[in-house]
Structure formats: C-alpha cells, structure tokens
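Q: Coordinates for the following, if possible.
(2 chains)
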Amino acid sequence: MDWTRKSAFEIREAVSRREVLARAVLEAHLARIDAVDPRLHAFLTVSRDEARAQADAVDAGAAKGPLAGVPVAVKDNMCTRGVRTTCASRSLEQFKPPYDATVVTRLREAGAVLLGKTNLDEFAMGSSTENSAFQKTLNPWDLSRIPGGSSGGSAAAVAADLAACATGSDTGGSIRQPAALCGVTGLKPTYGRVSRYGLVAFASSLDQIGPMTKDTRDAALLLSVLAGHDPMDATSAPLVVPDYLAALEKGVKGMRLGLPREYFGSGMDPEVEASVRAAVATYARLGAEVVDVSLPNTSHGIATYYLVAPAEASSNLARYDGVHYGHRAATYEGLLSMYSRSREEGFGAEVKRRIMLGTFALSAGYYDAYYNKALKVRRLIKQDFDRAWERVDAIVCPTSPIPAFKVGEKSDDPLAMYLCDVLTVTLNLAGLPGVSVPCGFTKGGLPVGLQVIGKAFDEETVLRVARAFERETDFHRRQAPLE
Amino acid sequence: MVVGLEVHVQLKTRTKLFCGCPTAFGQEPNTQVCPVCLGLPGALPVLNRRAFDLGMRAALALNCEIARFTKFDRKNYFYPDLPKGYQISQYDLPFCREGWLDVEVEGKTSRIGIERIHLEEDAGKLVHPDRIPYSLVDLNRTGMPLCEVVSKPDMRLPEEAHAYLTSLKSILQYVDVSDCDMEKGTLRCDANVSIRPRGETRLLTRVEIKNLNSFKFLVKALKHEADRQAKVLAGGGRIVQETRLWDQAAEVTRPMRSKEEAHDYRYFPEPDLVPIKVDDAWIAEVRRSIPELPKARRERYVREHGLKDYDAGVLTADKEVASYFDTLVAAGMPAANASKWIQKNVLALLNDKKVGVDALKITPAQFALLDRLVVEGKITAASGTEVFSACVLTGEDPQAAVARLGLAQISDTGAIEEACAKAIADNPKPVADYKAGKQASLMFLVGQVMKATRGKANAQEVQKTLERLLAL
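A: Predicted structure coming up:
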C-alpha cells in the first residue's frame, strides 16, 4: 500500500481503525520527501524527530482527533514553537518562535503529524515562490516551471504526495493560484473564519489561512479543524462552525451559479478558458442554472489590492528592525545605520518594493489620494458581489488566467507578475470564501483550476459546488509525472 | 502666556491594554512580556475591555462627550523601545471629546476645556548606562494602558496649570481610574506654551515642553519658557515651533527635535482591531460605577456637616483623607472636630512620614474617644496633640497614654484654687495692674498657673478662679 497516494481522510480512517500505524504512514512520506524534494525544493524544514514523536503518540493512543496520524505540511509563515519559522526571509532565517500559531495548536490537538515547513515567496509576497530568499520550488508537473505563489511549497508538496495535506495562506490568491497551477484543491475561507494568531502578518485585513489538499473532502476535513473563533484574534468571527463534511455531497441541482463576464476578459490563455467553460457546461448538465452576472469594479481590483496590501505590509514589517529578534547587521554606525543595514540585508527586492510602495501610499499628502481612496473602491468591489448574491448562490470562474509559467519568465517584470492575481484579489478585498479545484490540463500537461466563490461564511456552499464538479471528473486524482 | 497640557495617565487595570501581561510595577527587565506586547511575528492585539471602561469613567468624570463610534489607529515610527515599529493609539475618532474641569487659583475659579481623551499603549524604556557605548532596552512597559488627556489651550498662568494638573489627578484618583503617581510614571505631563500680546485673540506659535517630572518643575518650566519666548521676541526674533526638553539641573528648556527629524506617522486604522460602538446602556453602566466626585463631595460636606467651604475643600482633595473623615464622623466624632484633627494633626503626619491613612494605627473609635477627652476638659487641647502623637502610629489606647504621660487635666477646684492663690501671691505687680483695669495681666496670671501646672490645669477654670479670687 502506498500511503503517500492516499488522501488525508483515507489515512485518518485507516489509522483510527488501526489498519496501519501512523508511524508507517509517516515513514512513507519522509521517504518520499527524501527521494523527491531534492528536485522540488518544497520544504524549508523537515522536522523528522518531532513528527516521529507525534506519530508514535498517535499509535500509543495518546493522540486522537479528526486528523490522527495525518502527515500535514505547514507553510513557513505560521509560527511553530521551537521549529524555525523563516517566512522565506533572511530577516527571520534563524527565528524559532516561542509559541504556536492557533492553527498549529488546533492541528496538534487534532492528532496531526507535522512534517515540517514549506517554502513560500518571502513574507507571502509573490505569485511564483521565486521570491523566497532560500530556494525556488518547482512545479511537480513540469520542473522548468513555477508552482505559483505565495504558497508554492505547500501546493507542490501536496501535488507531489510529499504531504497528505498542507496549510497555506491567501492574501491576494496565494492559496488558490498555486493550487490551480499545481492541480490541487486550495480553499481561502471567509475573512475571520480562521484565526490569524501566529500567522506572520502580510496584510492584516486580507490574510487568511486555509487548507491545500488532494480533494474537496480533505479540504472540508482540514477546514473543520482550522476554523472557529479565537479569543487571541480580535478579527476572528464568533460564529458556529458548520459540519463541512455533512454538506459536501448535496450537489448543485436547482442552484444558481453566476458567471462573471469581467472574469473572462482578454489576456486569458485559451486552453484555460476552454477547461473552465467545459466545467461550466458540466454544471449545467448537473442541473444548475448558469446565470450571467456582472462585477463591474473587477478591473480596479489589482490597483486597489496593490495599495491596500503594501500599505498594511509596510507597517506590519516595521517590527523587523534588528532590535530584539531577527537579523541584525554585523556592523553599523548608530541607530539609523543599524536599522537601514539590517533591513537592507534582511529583505529581498520584492519585499522592499512593497514596503516602499506602502509607505508612500500612507504618507502625509498622499493618504487620501491613495490608501483612503483604495478603501472606498474596496467597498465598491464588495458591493458588486452583494448585488450578485441577490441573483445567484455561488460564482464560478477561472482561478488563474494562465497556467504555470517558466521559472524566471516574469521575475523581471513585477507588474506582469501582479496581474497573475487579477481573478483572485477581489475575494480578499471583499472578504469572501473561494476554492480552486482542478478542472483540466493544457495540451502541455499543465493543470488548470476552476474557482468557486461563495457568500461570506458560506464555505459549505463553496465546497458543495466544488465537490459536485469533482465527482464527475478525475482531474484531482491524476499523479504528477515525477519519477 | 497660553498653556495647554497633554497628560498621560496609566490606567489601573490588572493587565496590559492588548494582552494578558500583568501591569505590576518594578519587575525584572523583559519578564513582564509575551508575544503580543513584544511584537513577535504573528502576534495580534486584543482590547482589554476594562481599560475601555476606565477610560469612559474618566471621560464622564471630566464632563466629556463620549463618541458613539470609535476606533484605533496605528502611529508608525521606528525606535528601539517600540517593538512593533508602530504604536496602537487613536487618531481621528478618539473615544471622547469636549470636556472640562474647573480650577481655583487665589479664590478665582476658571473652567479649563478638555479637547479630547484617547486610549493608547505605552512603549518600553531605554536605559543609557554611563560611559558605555550601548543602550539597554526594557520592554516590560510596552503595552501598558494609557489615557492621553489633551486640554484646550485655556490656561493663562503657571499656577493655573498647576491647579489643573492637581485637579485632574484628584478626579482620576477619585474615580479609581489611575494612581496618578508622577514618581512611578503613572502620571506624565507635557506642556504646550506660547505667548501673545495682551488683547490678541489668535493663538501664536507654540513650543512643546517635555520631561516635566514634577508639579514644581511644571511651574518653573512654564515661567522659564514664557520668559525665554518674550526675550526672543523682544530681540526681534521669531518663535520656532519645536519640542524642547526641560533640563531640571540647569532649569532651562533646550531644543530636542529639529524640523527635519519630525515624524510622518502615517496614521491608518488599525486593521487587527474592530471599531467600537458605544450605546446608552453601556454609558449608563459606567456612570453607575463612578463614586462621588470631589466637587460634589465638598458641597455635601458643607451642606450635611456644616463645614466651611475651605475646610471641606481641604478634606476632599484626597479621596483617602475624605474617606477617613467619614469614618471618624461615623465613629461619633463631631464633624467640625474631625475636620480640625485632620487638618492640624493627621495631614502633617501623612506628609512627614510619606504614608497613607492606612498606616494610622489609632482606630476611629479611639480617636473619637480622644476627642471626647478634650471636649470634656479631661485633658487640654495641647495635651490632646501630645496623646495623638503617642498613639497614632503605635495604636496605644489614648486613655492609657494620658495616664502614662500624666496629662490628666487638673479640674479639681481645690488644686486649681491652690495654684491660683500661689500665682497671685508670687506676682503682686500684675495683680495690681489687673485691679487697675489691665485685662492683659489676668492672662499673664493664667499663663503662670498653666506653667506651674505644666499645662494640665483647665485653663477656663483657672481664669474663672483667678477672677473670683482677685475680685475679693
């Protein structure tokens, strides 16, 4: 039995029924990491000893829970006590948090076996994982291409069966876009559904943690563990968490699915469009009513996002000043010099770019024209969706306008890179939930993702609509040709 | 002179403003910290509800209008005592505005406006050891809950500023919002000072003064700065808008920040905290929690106890003292006497020994008894003071002290008559003067009897006896 080909749900069932030891499942995954990751570079840290101890505890009956024995990878911008948490940045290269993120605590309490920390774009800023200060993660479907970003390490790990599932974070598409490019399932919950305590902040009003999995059932399972109010996060919603697994198989018959015309514009790869339209046809065949909707402020999404996110980031990253933790320059003359050198050395180019952009947008004299204006447009974008919800139950569209591109193809053109997010940022701005599921492949064998968007706190509908398509196809079961 | 004061008080909560660290004072450096107040990656602030309630209490006690919608903002700047690189404060929508308090200077009352009060977290402390080329950072104080009270530029004299600060401290202590202790740093004051020609109604360029560590220095600094500005203008110069530090050794103000180093704080709404909607029910709940304020208490003392306004004022200046007054009255001491005892004896002792009323070992019942001994003539008033001093910090029973010190007043008519007769016999000239009409000589004779009895004779009895004997 190759336990690395199993889903998290299947592993959990087998371990609970004592059909297999958690330790055996873990060793299979560690062996595959040893064999494959030297080519993929998905992991920054593999915590073998800790994982073995956790697996042994599950086998001894000491650790139970809905994820008992399931090997999980954690994106390296989520704090894990005593385990290096770098955010793929030199500024935190040696940082070991003295505490666990709430989601990590919840994973532990659910009996999960934490494999290690996955690679990302530095401080989650990027769409290709090329901005990592340490290594470039490659796409398991084509090692000359990027896996997407910023949760590229988690996406690649799940796609290559190095982990049964993983956590990612999504600020402008960083779970959904790499999921689409790597042929896995990635869900961004409603803002406030999952605690951000312990997630190293990029843009506080946009960040959310979510599951990256092999299928929708695993996404439902992982989300049910991660979700729920946290008193340590004042922005986490005090709402009851529904049983996501229970609602999964309800199908789409009689549902109204919106197709936003602005999401099928020019610049879309024709093969991507073809796959997504085929998926829409499948929905129609399954009994859903497909409705044309308009989200007119979509075109302002990128501009709005690239004002709000960097502005918040410029403030969130001020703490990396070399004073009380993180990288401090070896030599300096005075306080200002210490600050400048430490941050110059600690941050990569894209991070610096966004800090400068954000600082500018908040500056005296510019605040009203840029940041404040962006907040107003943000409200308009949300109102577009509010109007759409009067006519449809969920929205379907592509996740990324293009499939995985070559390593280095866009890294000299930041704006071209930013446009990868055009179909995903609007959800972060509006705070809505969205999932990407595999819906096809290009002729070149590159995965294409379908995005399902739902009303606030309606992850049940999002998963249900995604699952209805998934069970009609086997795109999610195909294995990346890595051997 | 035109003065406005910005006062920071630390709120009396158990824990910090955005995390669960305790607010205890004087701990080992960097021990009273957690991921949140240290600004570790991934940590998030959560508002301490009690701090907000105390802020609202202060707002109500200072007659402010409470905002129905308020939020927090980030104030961004880099400094080693600011671990997040920003301070969570309130910028454009503070939780209250438009308050006032009345101050009295030399019998004249004036109303000083309060522009706004807002909540914010404190920063840490930097220690700069002598002759060492680095500074030490102690982050215990980061995240402590502060209220910043910004007055309107309504003060016109250094004494008025002193009275405002005294009043503010008294009110905030009264409503149990803060200890307002300048030595412990739970009360800090910066001043904004400008001068203008008499009759000028516009506000002219102001200078901010920092590092005012005591009420005394506040007054000195204001006087000095006003003089300095006057000299600058007289010499044909212009006042530069700047921040100056009070140098308490040299007793001058010195420039601190130049314009090039002025910060752009890039304020924006704090995305990690949700805005707060305050409704009538919440305000009413806070209002119910406010104890009687100094002014109301003073007026009540005048009304209910018949005290003079001045005396009521002295008694109510400090809440603890006023409470002590109440316990003495409750123990049976007449209000006027309690007022005298406190003003004459208790306050001096508290100031001298730097203790609070909880250090007094004499019980209210014992104190009332002591007062009765004086009222009933068992001991003289002077003896009363002596007994007080003996008993107040030891808890000795006053009657036992009277016996031990041999202070029982001599009211025995025989003994008094004897002593008077002796005084008359020993002082023929004053006797003759008195008989000739000089009243003062009688008092001289009374004094002689008091001296001979070592103050223990009942003075009124002595006088009556002498008058009787001399009339013969």
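
Q: Close to chain B: what parts of the stretch 351-483 of chain A are there?
A: A:359, A:362, A:363, A:364, A:367, A:371 (CB under 8 Å from any CB of the partner chain). Every residue, glycine included, has its C-beta placed from N, CA and C.

Q: Pull out the buried residues from these.
A: Listed as buried from those are A:359, A:362, A:367, A:371; burial here means 16 or more other CB atoms under 10 Å in any protein chain shown.

Q: Chain B: which of the residues of the stretch 351-483 of chain A next to chain B is nearest?
A: Taking CB to the nearest CB as the measure, chain B lies nearest residue A:362 of those, at 3.9 Å.

Q: list the contacts for that closest one?
A: Residue A:362 sits next to A:311, A:314, A:315, A:370, A:371, B:76, B:266, B:267, B:268 when contact means CB atoms under 8 Å, 6 or more residues apart in numbering or on different chains.

Q: Which residue is the nearest non-sequential neighbour of it?
A: For residue A:362, ignoring the flanking residues on the chain, the nearest one in space by CB to CB, 6 or more residues apart in numbering or on different chains is residue B:266 at 3.9 Å.

Q: Could you confirm the one you found falls within a helix?
A: No - under DSSP: H, G, I helix; E, B strand; the rest coil, residue B:266 falls outside any helix and is assigned coil.

Q: Let me see the contact set for it.
A: Applying CB under 8 Å, 6+ apart to residue B:266 gives the contacts A:314, A:315, A:359, A:362, A:363, A:364, A:367, B:74, B:76.

Q: Just to check, the last one is in contact with residue A:319?
A: No - no contact is recorded between residue B:76 and residue A:319 when judged using CB atoms under 8 Å, the distance being 10.9 Å.

Q: In a helix, residue A:310, correct?
A: Yes - counting by three-state DSSP, residue A:310 falls inside a helix.

Q: what's the neighbour count on it?
A: Summarising burial for residue A:310: neighbours were counted as other CB atoms under 10 Å in any protein chain shown, giving 26.

Q: hang on, the earlier thing: and the contacts of residue A:362, which two are furthest apart?
A: Maximum pairwise distance among the contacts of residue A:362 (CB to CB): 15.5 Å, between A:370 and B:76.

Q: mind listing the strands in the stretch 51-200 of chain A by residue range?
A: A:71-75, A:113-118, A:165-170, A:185-188 (DSSP state E, counting those that start in this stretch).

Q: elements contacting the third one?
A: When you say that, I think you mean strand A:165-170. On a contact count with 3 or more CB pairs under 8 Å, 6 or more residues apart in numbering or on different chains; DSSP states H and E, strand A:165-170 meets strand A:71-75, helix A:152-159, helix A:176-182, strand A:185-188, strand A:208-213, helix A:216-226.

Q: just so I know, which of those lies nearest chain B?
A: Nearest of those (CB to the nearest CB): strand A:208-213, 10.8 Å.

Q: Is the closest one in proximity to chain B?
A: No - figure legend: strand A:208-213 not in contact with chain B (CB under 8 Å from any CB); closest approach 10.8 Å.

Q: which residues touch that strand?
A: With contacts defined as CB under 8 Å, 6+ apart, strand A:208-213 is touched by A:7-8, A:78, A:101, A:103, A:151, A:154-155, A:158, A:165-171, A:175, A:178-179, A:184-191, A:193-196, A:199, A:218-219, A:221-223, A:226, A:428.

Q: Perfect, that will be all.
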